[in-house]
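[1] sequence first, then the predicted structure, then my questions.
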Amino acid sequence: MTAHMENENENENKDNNKGTTLFKNSGVKVEDIKKAFAESEDLKEADHNYYFHTVMDWSEANDKRKKDWIATARNFARGDLKKGEMKKRTIVRTNPHKFAFEK
């Protein structure tokens, strides 16, 4: 009877993970996160590199699988924004008289 229950749990887990991947297998690139943040008014200053790697590490360490990793990265950044802890892009000088955000 226990073996049957274990098989049911395995089948449930397979169904719950249908269509999902680990972040590292998702095909999402840093540029995808950068574009998504640029298109979100509240995330224009968010550090896309930081959130890309944070989500990748979280997925790997916790065996987390998702369908929409870009939404997950936005949610990580928005969670930090809400707490006043959002990591912002580094400001680089392109001209000694002007500041510009990283391209």
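    Done, it's in. Residues are numbered from 1 along each chain as shown.
[2] what segments of the chain are helices?
    2-16, 30-38, 48-62, 69-82 (DSSP state H).
[3] for Lys88, find the nearest of those helices.
    helix 48-62 (8.9 Å; Cβ to Cβ). Backbone N, C-alpha and C define where each C-beta goes, glycine included.
[4] and the closest one, what does it pack onto?
    Applying 3 or more Cβ pairs under 8 Å, 6 or more residues apart in numbering; DSSP states H and E, we find helix 48-62 packed against helix 30-38, helix 69-82.
[5] report the buried residues of the shortest one.
    Buried residues in helix 30-38, defined by neighbour count with 16 or more other Cβ atoms under 10 Å: 32-34, 36-37.
[6] now do stretch 73-88
    Those would be 73-74, 76-77, 80-81, 86-87, for stretch 73-88 by 16+ other Cβ under 10 Å.
[7] export those as a markdown table, with columns for distance to Val55.
    Converted to a markdown table, those look like this (distance: Cβ to Cβ, whole Å):
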| residue | distance to Val55 |
| --- | --- |
| Ala73 | 5 |
| Arg74 | 10 |
| Phe76 | 6 |
| Ala77 | 9 |
| Asp80 | 12 |
| Leu81 | 15 |
| Met86 | 14 |
| Lys87 | 12 |
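[8] now the two most distant members of those.
    Within these, Arg74 and Lys87 form the most distant pair, 13.4 Å apart (Cβ to Cβ).
[9] re the thing from before, turn the helices of the chain into a markdown table, columns for mean pLDDT and distance to Phe23.
    Shown next, in a markdown table, are the helices of the chain (pLDDT from 0 to 100; distance: least, Cβ to Cβ, whole Å):
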| stretch | mean pLDDT | distance to Phe23 |
| --- | --- | --- |
| helix 2-16 | 45 | 17 |
| helix 30-38 | 98 | 11 |
| helix 48-62 | 98 | 4 |
| helix 69-82 | 98 | 5 |
